[in-house]
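# Take this sequence and fold it.
(chains A and B)
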Protein chains: 2
Amino acid sequence: MTEPTATPEFRFALHATDGQARTGAITLPRGVIRTPAFMPVGTAATVKAMYADQVRDLGADVVLGNTYHLMLRPGPERMARLGGLHRFMRWDGPILTDSGGFQVMSLSALRKLDEDGVTFRSHVDGSAHRMSPERSIEIQGLLGSDIQMQLDECVRLPAPPEAIEKAMRLSLRWAERCRAAFGEQPGKAMFGIVQGGDVPELRVESARALVDLDLKGYAIGGLAVGEPQAVMLAMIETVEPHLPREKPRYLMGVGTPDDLLRAVERGVDMFDCVMPTRAGRHGLAYTRHGRVNLRNARHAEDVRPLDETSRCPAARDYSRAYLHHLVRSEEILGMMLLTWNNLAYYQDLMAGMRAAIREGRFAAFAEETRAGWAQAEAAAKAGA
Amino acid sequence: MTEPTATPEFRFALHATDGQARTGAITLPRGVIRTPAFMPVGTAATVKAMYADQVRDLGADVVLGNTYHLMLRPGPERMARLGGLHRFMRWDGPILTDSGGFQVMSLSALRKLDEDGVTFRSHVDGSAHRMSPERSIEIQGLLGSDIQMQLDECVRLPAPPEAIEKAMRLSLRWAERCRAAFGEQPGKAMFGIVQGGDVPELRVESARALVDLDLKGYAIGGLAVGEPQAVMLAMIETVEPHLPREKPRYLMGVGTPDDLLRAVERGVDMFDCVMPTRAGRHGLAYTRHGRVNLRNARHAEDVRPLDETSRCPAARDYSRAYLHHLVRSEEILGMMLLTWNNLAYYQDLMAGMRAAIREGRFAAFAEETRAGWAQAEAAAKAGA
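This next block holds a predicted model:
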């Protein structure tokens, strides 16, 4: 297999499968996204506490930008005048943006939803804004996003089936409008988002209707919003057979390392989540040996690094005692090092999954990986 | 002149002078400190928002650790068990520690001073602590400090002459006790601290008495504590003739770039200050062209970097518009980039001064440097 390279048109190619698990590559003008891929979240034009070069060096091929945050600050028209998000944040690889809808509903004030979109006030300065399917696509275009998402309505679970159905149908109508607004942009893509909460019939209906729109990729949205992992996995299993094999599938806002393993096992290609970055700012490290809460006093005199075999300096070169001290002292360097460690772990996990799928040993890889995690959990229990 | 290298004993050599300005090198087992030197402040075992490698790469030869913070967290005995401060924070160059006295008086609670030392409560957890001259030296030894400071009493200005005199005499008695406690440590040094507030006679008396103790270096303390710059400079001029030419002089807690220029001009060799790091965390950049307040709206669409000729990526590669956005959004990356920029500027300023002294053009260098600063101040005024 030759290494994939950037292509003038958005393309997706599968290179190998192992059960339902798949590995391949999205290619587009700005580069190559090796799948399964984890996209670090760069909410406000920065992956928090990281230099962009570091993110790239960890093996991340794509980052996610949040349309809601960027439309409020610095604003889409201003961003366009400044040359777009890539140049602004010094990230020359692909960028995926969400539609802004999820965070309008979770962060903004005085929001009012109607058939045509949503009116809301900024959580930053209280200013009034309007988001419609067309405006979301326009904003994502002004940002310069390579992979854009349809505007949708996402319902927190648990929710009554009527509310889930209503939001799913509205999201389908908005998908059509977003598709029309996006038009033909060969080097870019717009993905649809399967909704339907935890109701299998609604999930299937949503997936089928979106596939009829012949979009370039399909996301599964409205999961990891309060439901148990088993429900999330069941919904992936429900939707997956209805998604075309030759297009990428993106599970939005997910998740823990175990979520990633289990979702890849079920055929998912792309993920984004604030977990590694947010946890890193709160003293929690993800490692081969499981999660390590550096705030815990048992690390105060532990001279071992988080992982002496890691290629990431944050994992390899600093003692747990020092990390503990930095976390307890609320030092910025603690956030920098743990974010770095966590993103390194997530990228290494994805690279490990890609290799395992190519080599037809995904199940064994998943088992070894889970066995490794059990070590730190056992140590934490013994120390408590 | 051959490049100085590390030496088994603490030494100071002058290489050139230009008027009162001096350039030279302190050599000791852990390396070489080129003077005049600016020491970035690594309060709690980290130069805030910087990786230690970055600090080194900027040309900093030595960092300062704060004994007060480190005695409270992680604690000196624990630090010694962990192998000392150098190993803990991954800084293998020289470290200077203050005595802890200044911050006991400014940060702790319920402090009570007597002839033998000071009793206080931690600002972190309220725990009770005792600091004496002997304990300060013991703690600095446990930390592994290369250049240790005597315990002193520093009086905020303005203050009545009686209070200044009393504190100066107590500091002298403590200098003797610290000297005895420090004993003979050939690869390390303990510096005395000239006190005496803004009273010239007291400053001279303090300097003479300390010089009689034949210490390895002399600090000027109790300045930059509320007095005008002219008073600070006058006190340096008062003290300087009484300090031995062949020993380093360290102006504690100073200062702005202009303070550094004027103090070097008056014969000072070493400085430390939180200004570049603290300002960087609050949106203020120091540049060749003066100070730039990135919070100001006039930078919102300015695509220029802070200094396109800088060797520091933070100064050279990021637009002011992006820095403005990061500062306004309170992003950690904004603090990281501006701290990096500011420390780069401070180190470049020191390198420029060292070169100018060697080449006998310090006055011209100072004039050019001040003319450069005037540019941004003028631009800010025009934009306001």
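# only C-alpha atoms for contact and neighbour calcs from this point on.
Noted.
# where does A:Ile193 land in three-state SS?
Three-state call for A:Ile193 (DSSP: H, G, I helix; E, B strand; the rest coil): strand.
# my read: it touches A:Cys154, true?
No - counting by Cα atoms under 8 Å, A:Cys154 is not a contact partner of A:Ile193; they are 9.7 Å apart.
# Can you report how many residues neighbour the residue of the stretch 151-300 of chain A found nearest chain B?
Relative to chain B, the nearest point of the stretch 151-300 of chain A is A:Ala300 (8.0 Å; Cα to the nearest Cα). Close neighbours of A:Ala300, defined as other Cα atoms under 10 Å in any protein chain shown, add up to 20.
# and it, what are its phi and psi?
phi -60, psi -30 (degrees, to the nearest 10).
# Find me the pLDDT at it, would you?
If you check A:Ala300, the pLDDT there is 98.
# list the residues that contact both of A:Ile193 and A:Cys154?
A:Gly221 (Cα atoms under 8 Å, 6 or more residues apart in numbering or on different chains).
# Please say which of those two ends up with more neighbours.
The residue with more neighbours, out of A:Ile193 and A:Cys154, is A:Ile193; 29 against 24, by other Cα under 10 Å.
# so what's the more buried one bridging to?
Per DSSP bridges, the residues bridged to A:Ile193 are A:Ala219.
# can you pull the contacts of it?
Contacts of A:Ile193 by Cα under 8 Å, 6+ apart are A:149-150, A:152, A:171, A:175, A:210, A:218-221.
# hmm, 6 Å instead?
Contact partners of A:Ile193, counting by Cα atoms under 6 Å, 6 or more residues apart in numbering or on different chains, are A:218-221.
# Would you mind listing where chain A has pLDDT under the threshold?
A:1, A:383-384 (pLDDT under 70).
# and if we set it to 80?
A:1-2, A:376-384 (pLDDT under 80).
# What residues does chain A have near chain B?
Proximity of chain A to chain B, by Cα under 6 Å from any Cα of the partner chain, involves residues A:49, A:332-333.
# Let me know the outermost residue of chain A.
Farthest-out residue of chain A from its mean C-alpha position, per Cα atoms, centre = their mean: A:Glu301, at 35.3 Å.
# Now do the SS call for that residue.
With three-state DSSP as the basis, A:Glu301 sits in coil.
# Next up, the contacts around it.
A:Ala321.
# quick one: it and A:His324, what's the gap?
9 Å (Cα to Cα, to the nearest Å).
# do the same with A:Leu58
With distances taken as Cα to Cα, A:Leu58 is found 23 Å from A:His324.
# same thing with A:Gly255?
As judged by Cα to Cα, A:Gly255 and A:His324 stand 25 Å apart.
# Comparing these two, which residue is more hemmed in?
Of the pair A:Gly255 and A:His324, A:His324 is the one with more neighbours under other Cα under 10 Å, namely 24 against 21.
# need the contact list for that one.
By Cα under 6 Å, 6+ apart, the residues touching A:His324 are A:294-295.
# Can you show me the CA trace of the helix or strand encompassing it as PDB?
Assigned by DSSP states H and E, A:His324 falls within helix A:320-328. Extracted in PDB, the C-alpha atoms of helix A:320-328 (Å, rounded to 0.1, in the frame of the first residue of the first chain):
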ATOM      1  CA  ARG A 320       4.600  11.900  39.100                       C
ATOM      2  CA  ALA A 321       5.800  13.800  42.200                       C
ATOM      3  CA  TYR A 322       6.400  16.900  40.100                       C
ATOM      4  CA  LEU A 323       3.200  16.500  38.200                       C
ATOM      5  CA  HIS A 324       1.400  16.100  41.600                       C
ATOM      6  CA  HIS A 325       3.000  19.200  42.800                       C
ATOM      7  CA  LEU A 326       2.100  21.200  39.700                       C
ATOM      8  CA  VAL A 327      -1.500  20.100  39.900                       C
ATOM      9  CA  ARG A 328      -1.800  20.900  43.600                       C
END
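# Which other helices and strands does the helix or strand that it is followed by contact?
Using DSSP H and E, the next helix or strand after helix A:320-328 towards the C-terminus is helix A:332-358. For helix A:332-358, the elements it packs on are helix A:275-281, strand A:284-287, helix A:313-316, judged by 3 or more Cα pairs under 6 Å, 6 or more residues apart in numbering or on different chains; DSSP states H and E.
# For the ones you listed, give me CSV that also has mean neighbour count.
Shown next, in CSV, are these (neighbours: other Cα atoms under 10 Å in any protein chain shown):
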stretch, mean neighbour count
helix A:275-281, 22
strand A:284-287, 25
helix A:313-316, 20
